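Chemist: Next one to model:
(3 chains)
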Amino acid sequence: MQRYEIFWRLLITASRILFFFCTFAGANNFETMKHYRKELTFNTTSRREFINITPYVDACLRESGIKEGFVLCNAMHITSSVFINDDESGLHHDFELWLEKLAPEKPHSQYRHNGFEDNADAHLKRQIMGREVVVAITNGKLDFGTWEQIFYGEFDGKRPKRVLVKIIGI
Amino acid sequence: MQRYEIFWRLLITASRILFFFCTFAGANNFETMKHYRKELTFNTTSRREFINITPYVDACLRESGIKEGFVLCNAMHITSSVFINDDESGLHHDFELWLEKLAPEKPHSQYRHNGFEDNADAHLKRQIMGREVVVAITNGKLDFGTWEQIFYGEFDGKRPKRVLVKIIGI
Amino acid sequence: MQRYEIFWRLLITASRILFFFCTFAGANNFETMKHYRKELTFNTTSRREFINITPYVDACLRESGIKEGFVLCNAMHITSSVFINDDESGLHHDFELWLEKLAPEKPHSQYRHNGFEDNADAHLKRQIMGREVVVAITNGKLDFGTWEQIFYGEFDGKRPKRVLVKIIGI
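Modeler: Below is the predicted model:
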């Protein structure tokens, strides 16, 4: 085995080690998109109710380990809402009166949907308050303004109903 | 060619094969974010109409091959909506009456927007019903509660109007 | 050094060059999910106002370099909205009158939320107009229909208030 042979082989080996290193170091930069899913269940004692679900969504985000991305949080039922507003009981009382004014529950007979059902008003109220929120995730946290809180808005309760939390990001 | 030469060369070849294998196997784990786009067009025969577009969005999702992520489905016009609610004709009748009560079409003169146009009410109705929905994708399916269906809500129809389906995920 | 030796070495070198090429070419396909965040601040001179913020969101998108994905644009306050509709002053006048009819500001005493505050109506108006929009990005552009424009809807202004632009994609 001649000298240049040894040199040649060392060069090959060195380049191979460098190559392995680059590839695996590089691989760590190729963060693939992560995803997370959880269902939350709420069973209200009254027909209509607002529940602050921010702590639950926060826990989902921490569990997901996702640092940058979007959270989708939506009612899985068509007579309830997920929305963002203020955690102030006076305002929630105002919401209740206001929604009853815009889409009154009674008389049930005023709605063609009501026959076997009596919840047409809940379908209407949910359109005003919305089905879902999409919240930015930044540095592993819900990227919120000072007063933003996520609420589950129930308009036809007294039974277990589900909310979906789906998170995508890196 | 000596013995150790042969051994050396076999070792190099074996490591190279292993390396190729690892790299390409690894590559499959580096799923990059996929994206998909489609426009749907609807031309209603009446001024106001609700169309269940879930089957179209479902077909888009299957075509995209995306298994985990988000679907965005939005009206590309500002006088129509995409929303999620119940596929029940009685309820759709209730929606029509309710929206006409909250944002009546006539008299056209009550709105400053109406002059060359006569569709101010459609711009208002669309705000109540919403522009878009974001739906989670899980295991290649629209991640829906039992009764959730996607609707195109037309408030100023009788002409071809577009809905955008954009999907991102892996 | 024999002939087959030279041939062997050339083969190795060629395959190595090919391999490098494939790996780095491949690496460019493994685009990881990118993300971008910016806060916009608006300080209106009147209590209620609509501002077309499309140019600002557009600038964010260009700065992000993201070509395919979603933009989330949301009010960081709970008395303002981000929504998509027409950039027509007559319509904005109609919105103002309509929102005042559905959720009148005065008398302030009609709302339980009003005591230290006087902005209960702004919390209600924001529910009708919505907190956020999610817009598709295609080929590096906001994927909009002809007349779609993004607005900041202020319902309790005369102070600096923030809008979040968060973009994810590739």
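
Chemist: Just the helices from chain A, written as ranges.
Modeler: Assigned by DSSP state H, chain A shows helices spanning A:3-29, A:54-64, A:89-102, A:120-129.

Chemist: winner for burial among those?
Modeler: When those are scored by mean count of other Cβ atoms under 10 Å in any protein chain shown, the highest mean neighbour count falls to helix A:120-129 (a mean of 25). The way it works is simple: take the backbone N, C-alpha and C, and place the C-beta from them, glycine included.

Chemist: Now for the residue of chain A found nearest chain B, how many residues are close by?
Modeler: Residue nearest to chain B within chain A: residue A:76 (3.0 Å; Cβ to the nearest Cβ). Using other Cβ atoms under 10 Å in any protein chain shown, residue A:76 has 21 neighbouring residues.

Chemist: With the one 3 residues further on instead?
Modeler: For residue A:79, the number of neighbouring residues by other Cβ under 10 Å comes to 24.

Chemist: check contacts around it.
Modeler: Counting by Cβ atoms under 8 Å, 6 or more residues apart in numbering or on different chains, residue A:79 touches A:119, A:122, A:123, A:126, A:155, A:156.

Chemist: what residue ranges in chain A score low on pLDDT?
Modeler: Chain A contains residues with pLDDT under 70 at A:1, A:20-31.

Chemist: go again using 80 as the cut-off
Modeler: Within chain A, the stretches with pLDDT under 80 are A:1-4, A:6-7, A:10-31.

Chemist: returning to that earlier point: ok, the residue of chain A closest to chain B touching residue B:136?
Modeler: No: Residue A:76 is beyond contact range of residue B:136, at 9.9 Å (criterion: Cβ atoms under 8 Å).

Chemist: quick one: common contacting residues for the two?
Modeler: Joint contacts of residue A:76 and residue B:136 (Cβ under 8 Å, 6+ apart) are residue A:164.

Chemist: Spatially nearest residue to residue A:43, not counting backbone neighbours?
Modeler: The shortest distance from residue A:43 to any non-neighbouring residue, by Cβ to Cβ, 6 or more residues apart in numbering or on different chains, is to residue A:160 (4.5 Å).

Chemist: need the contact list for the closest residue to chain C within chain A.
Modeler: Using Cβ to the nearest Cβ, the single residue of chain A nearest to chain C is residue A:145, 3.0 Å away. Going by Cβ under 8 Å, 6+ apart, residue A:145 touches C:75, C:76, C:77, C:78, C:162, C:164.

Chemist: Excluding sequence neighbours, find me the nearest residue to residue A:137.
Modeler: Among residues not flanking residue A:137 along the chain, residue A:69 sits closest, at 4.8 Å (Cβ to Cβ, 6+ apart).

Chemist: Any idea what that neighbour is bridged to?
Modeler: Legend: beta-bridge partners of residue A:69 under DSSP bridges are residue A:137, residue A:169.

Chemist: returning to that earlier point: how close does the residue of chain A closest to chain C get to residue C:75?
Modeler: 8 Å (Cβ to Cβ, to the nearest Å).

Chemist: same thing with residue A:94?
Modeler: With the distance defined as Cβ to Cβ, residue A:94 ends up 19 Å from residue C:75.

Chemist: now residue A:38
Modeler: Taking Cβ to Cβ, one finds residue A:38 at 26 Å from residue C:75.

Chemist: So for those two, which sits in the more crowded spot?
Modeler: It is residue C:75, of residue A:38 and residue C:75, that has more neighbours when counted by other Cβ under 10 Å, with 27 against 16.

Chemist: My guess is the more buried one contacts residue C:127. True?
Modeler: No: assessed by Cβ under 8 Å, residue C:75 is found out of contact with residue C:127, at 11.7 Å.

Chemist: Return the residues in contact with the residue nearest to residue A:137.
Modeler: A:33, A:34, A:137, A:167, A:168, A:169, A:170, C:33, C:35, C:168.
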